[in-house]
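Enquirer: Fold the stuff below for me.
(chains A and B)
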Amino acid sequence: MTKEERLKKRHSAEKRFRFYGLASIFLALLFVLILVHNIFSKGSSAFMKTAINVEVFFDQELLEIKNGASDDEILEADFFDITIESLIKVYPAKNVEEEDALIELFTTDAEIEIKRAFLENNNLIGKKINLEITASDDIDQLHKGNYPRDIPEDRRRISDFQLVIYDNLVENQKIIKNFNNYFFKNGDSRDPELAGIGGALIGSFYSIIICLLLAFPVAVLASIYLEEFAPKNKITDFIEININNLAAVPSIVYGLLALQILLATIQLPRSTPLVAGITLALMTLPRIIIPCRASLKAVPPSIREGALAVGASKFQSVFHHVVPLALPGTLSGTIIGLAQALGETAPLILIGMVAFVVDIPSTPIDPSSSLPVQVYLWSESAERGFVEKTSATIMMLLSFLIVMNFLAVYLRQKFEKRWN
Amino acid sequence: MNEIKIKSKNLNVYYGEKQALFDVNLDLNEKEVTALIGPSGCGKSTFIRCINRMNDVIDICKVSGNIEIDGVEINDKNLDVVSLRERVGMVFQKPNPFPKSIYDNISYGPKIHGKGETKSELDEIVENSLKKAALWEEVKDRLDEPGTGLSGGQQQRLCIARAISVNPEVILMDEPCSALDPIATAKIEELIDELKKTYTIVIVTHSMAQAVRVSQKTGFFHLGKLIEVGKTEKIFKNPDNKMTQDYITGRFG
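Expert: Down below sits the predicted model:
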């Protein structure tokens, strides 16, 4: 082979490599794009909800309370009759069946929504006001265009009569789209129009905080000891190998462990963020220790020697010099570990967080759900309304993960000191 | 001839199975510069790291034999290395300032040893140390800037100032100029000449010329053995040993 030929070959090898690299990046981006597009197109509609404009007449005859009633009295009072009377006036119904069909267009919580309006202004007796009552999930999905209307009536959840009413309401501009505050405020519900991630958000928040409080100090102390103080011998080698092994243990195994020890033996309350936090901490511990040790290892030995040479003790050289330099790496490792824990589903299912919890937890020992488990729960539900909720929950989860990962990168770049 | 400050007797050092120093008997005089020369891996650095017990950091390193400073044995398990290193400062091959401000680099040592209780006392120590290291004029207006932002030569003088800051008796220098350009080297050599009035200095160097310029006494190491030691003039003009002769004339090394 001549020199020119060899040179040409080298250049073409480089070109080939560049092409492969670009192609891989392009392919990876394509998958991300497909994923994001899929989630967004399904989930973005969940942030809006459909409501129907209803004229409510607070008829003294149907209510047992008077103007200026206290909040307790209002909460006690029965608003059922007023609700029914208001809802069936939306469209002229001929008989009881048609009235029932009309009422089905609204959420089961219509009475609560009317009561809430009265709570805000308790001077409404004898007055007529217009309220936006949340529509049932079927109408919601129909209005968002997720519900096919051209299939035979007996295979549809919405009857022909209801479709007629719906079209009439649309024509009279009685159907409105609002920001879906229920999605952020409410806990889980059997009714998709009322279901929200409020409970799951709080549950995930408590779990991650407990995970952080347990895992971070233990992981940092363990890494500092192993990296700086422990003698290098077979025992520490063995520990190191096992930390790496633990980081690779499937998360469901930690769930089984928690089930056996935390729930069956110690009898901690099941389905709670406390147990979830402890389980996630066990799982996250080795995943934090590894980056912590790596960032300690990355501090050049010359810094340690410099400190020792002016007479710093081992402890001083580590805590005055090495740890501060390793801190950015440690923090970003911790955040990435927590981000993994935030998205972890399997162990939480095993410790009972998969239970149907309507109430929003007020403490870490109340039964709760969590974001990834909520995704799992809703993805299994039959109702059409849960499809968009599932994707919207994934969007929330992903945005938390993205924020955490950005924070990790930011901390590392902002506080990392450069040395020569 | 000055009094003997540091005395090593039958000093042996092992790194695991490998023996790095063989029965080194070497006396170092007070307020004098002793240069240690020899090819790479001959044990010069290992020897000076015994004087401030820096070898303790290396797990597999074992030191046997005696080293006395002012007649007191320092190769003793019960000796407090912290107070030893307060008396024996060290400057490394590559400048290693802390990634902190120039001021903090100097004030760290005095702080941990409880010298300089007040801010003004610390200020004084910082100023004096930097002056002794001939760096004060260059950095006095930017003491809060990072020490790592200085040039290589300045960084090394900062490290010397850091070593001086705790007011040691001995300063060990492990090839302090090997990472520096000739101008920075000249400055450090001038500085060493000045410092020897106050401190006992041991310098490891690969440069014969440097040994001749700065030292009064020279020791030649080869394969872990101290081959020859004597007045610098004599070692370089008229060595007793054939190997020393060969090394200083550049026939090997």
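
Enquirer: Correct me if wrong: residue B:37 contacts residue B:222.
Expert: No - using C-beta atoms under 8 Å, residue B:37 is not in contact with residue B:222, being 9.8 Å away. Backbone N, C-alpha and C define where each C-beta goes, glycine included.

Enquirer: For the closest residue in space to residue A:400 that isn't next to it in sequence, list the residues it contacts.
Expert: Spatial nearest neighbour of residue A:400, excluding adjacent residues (C-beta to C-beta, 6 or more residues apart in numbering or on different chains): residue A:342 at 6.3 Å. Residue A:342 makes contact with A:204, A:208, A:371, A:372, A:397, A:400, A:401, A:404 under the criterion C-beta atoms under 8 Å, 6 or more residues apart in numbering or on different chains.

Enquirer: so which strand or helix has residue 65?
Expert: Since no chain was named, I'll use chain A. Assigned by DSSP states H and E, residue A:65 belongs to neither a helix nor a strand.

Enquirer: let's do chain B instead
Expert: Counting by DSSP H and E, residue B:65 is part of strand B:61-69.

Enquirer: so what does that strand touch, helix or strand wise?
Expert: Judged by 3 or more C-beta pairs under 8 Å, 6 or more residues apart in numbering or on different chains; DSSP states H and E, the packing partners of strand B:61-69 are strand B:4-15, helix B:44-51.

Enquirer: 10 Å - rerun?
Expert: strand B:4-15, strand B:18-29, helix B:44-51 (3 or more C-beta pairs under 10 Å, 6 or more residues apart in numbering or on different chains; DSSP states H and E).

Enquirer: Which of those sits closest to residue A:126?
Expert: helix B:44-51 (96.1 Å; C-beta to C-beta).

Enquirer: State the distance from residue B:226 to residue A:277.
Expert: 63 Å (C-beta to C-beta, to the nearest Å).

Enquirer: make that residue A:10, sorry
Expert: 56 Å.

Enquirer: The two: who's more crowded?
Expert: When residue A:10 and residue A:277 are compared for neighbours, residue A:277 comes out ahead with 23 against 10, by other C-beta atoms under 10 Å in any protein chain shown.

Enquirer: so who does the residue lying closest to the more buried one once chain neighbours are set aside touch?
Expert: Residue nearest to residue A:277 in three dimensions, not counting chain neighbours: residue A:210, with 2.5 Å by C-beta to C-beta, 6+ apart. Applying C-beta atoms under 10 Å, 6 or more residues apart in numbering or on different chains to residue A:210 gives the contacts A:272, A:273, A:274, A:275, A:276, A:277, A:278, A:279, A:280, A:281, A:364.

Enquirer: Relative to chain B, which of those residues is nearest.
Expert: residue A:281 (32.1 Å; C-beta to the nearest C-beta).

Enquirer: how about that closest one, what does it touch?
Expert: A:207-208, A:210-216, A:218-219, A:254, A:288, A:337-338, A:341.

Enquirer: Mind giving me the ChimeraX command for buried ones among these?
Expert: Buried residues within the contacts of residue A:281, by 16 or more other C-beta atoms under 10 Å in any protein chain shown, are selected in ChimeraX with:
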select /A:207,208,210,211,212,214,215,216,218,219,254,288,337,338,341
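
Enquirer: Tell me which entries of the contacts of residue A:281 lie within helices.
Expert: A:207-208, A:210-216, A:218-219, A:254, A:288, A:337-338, A:341 (DSSP state H).

Enquirer: and which of these is nearest to residue A:309?
Expert: Nearest member of those to residue A:309, counting by C-beta to C-beta, is residue A:219, at 30.2 Å.

Enquirer: Next one: the closest residue to that closest one other than its chain neighbours relative to residue A:244, how far apart?
Expert: Once flanking residues are discounted, residue A:219 sits nearest to residue A:288: 3.8 Å by C-beta to C-beta, 6+ apart. Here residue A:288 is placed at a distance of 13 Å from residue A:244 (C-beta to C-beta).

Enquirer: Walk me through the domains of chain A.
Expert: According to automatic domain parsing, chain A comprises the domains A:3-44, A:50-179, A:198-415.

Enquirer: circling back: and residue B:37 and residue B:222? Which one has more around it.
Expert: residue B:37 (28 against 21).

Enquirer: Which single strand of chain A contains the most residues?
Expert: strand A:48-57 (DSSP state E).

Enquirer: What strands flank that strand, and is each parallel or antiparallel?
Expert: strand A:128-134 (antiparallel), strand A:175-179 (antiparallel) (DSSP bridges).

Enquirer: related to what we said a few turns ago, separation between the residue nearest to residue A:277 and chain B?
Expert: As for residue A:210, its distance to chain B is 35 Å (criterion: C-beta to the nearest C-beta, to the nearest Å).

Enquirer: ok, now how distant is that residue from residue A:198?
Expert: 19 Å.

Enquirer: what's the neighbour count on residue 114?
Expert: Chain wasn't specified; assuming chain A. Residue A:114 has 23 nearby residues by other C-beta under 10 Å.

Enquirer: that's the other chain; I wanted chain B
Expert: Residue B:114 has 7 nearby residues by other C-beta under 10 Å.

Enquirer: So, low pLDDT: which residues of the chain?
Expert: This is for chain A. Scanning chain A with the threshold set as pLDDT under 70 gives A:417-420.

Enquirer: switch to chain B, that's the one I care about
Expert: Residues of chain B that meet the criterion pLDDT under 70 lie in B:1, B:253.

Enquirer: Centroid-nearest residue for it?
Expert: residue B:172 (1.5 Å; C-alpha atoms, centre = their mean).

Enquirer: now chain A
Expert: Short answer for chain A (C-alpha atoms, centre = their mean): residue A:371, at 3.3 Å.

Enquirer: Spit out the contact partners of that one.
Expert: A:197, A:200-201, A:203-205, A:207-208, A:342-343, A:345, A:348, A:393-394, A:396-398, A:400.

Enquirer: who does the longest helix anywhere in chain A touch, helix- and strand-wise?
Expert: When chain A is parsed with DSSP H, its longest helix is helix A:3-43. Counting contacts by 3+ C-beta pairs under 10 Å, 6+ apart, helix A:3-43 packs against helix A:385-415.

Enquirer: Distance from the helix it packs on to the middle of the chain?
Expert: 9 Å (C-alpha atoms, centre = their mean, to the nearest Å).

Enquirer: buried set for it?
Expert: Result for helix A:385-415 [16+ other C-beta under 10 Å]: buried residues A:385-398, A:400-401, A:404, A:408, A:411-412.

Enquirer: winner for burial among the domains of chain A?
Expert: domain A:198-415 (a mean of 19; mean count of other C-beta atoms under 10 Å in any protein chain shown).

Enquirer: rewinding a little: show me the one of the helices and strands packed on strand B:61-69 that comes nearest residue A:331.
Expert: helix B:44-51 (34.6 Å).

Enquirer: Give me the angle between that closest one and strand B:61-69.
Expert: With axes from the mean of the first three to the mean of the last three C-alpha atoms, to 10 degrees applied, the angle from helix B:44-51 to strand B:61-69 works out at 60 degrees.

Enquirer: Okay, angle between helix B:44-51 and strand B:18-29 too, please.
Expert: Using the same axes, to 10 degrees: helix B:44-51 against strand B:18-29 is 70 degrees.

Enquirer: Return the alpha-carbon coordinates of helix B:44-51 using PDB.
Expert: Taking C-alpha atoms only, helix B:44-51 is exported to PDB below (Å, rounded to 0.1, in the frame of the first residue of the first chain):
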ATOM      1  CA  LYS B  44      16.000  10.800  47.700                       C
ATOM      2  CA  SER B  45      12.400  11.700  48.000                       C
ATOM      3  CA  THR B  46      11.700   8.700  50.200                       C
ATOM      4  CA  PHE B  47      14.500   9.900  52.500                       C
ATOM      5  CA  ILE B  48      13.100  13.400  53.000                       C
ATOM      6  CA  ARG B  49       9.600  12.100  53.400                       C
ATOM      7  CA  CYS B  50      10.900  10.200  56.400                       C
ATOM      8  CA  ILE B  51      11.900  13.400  58.100                       C
END
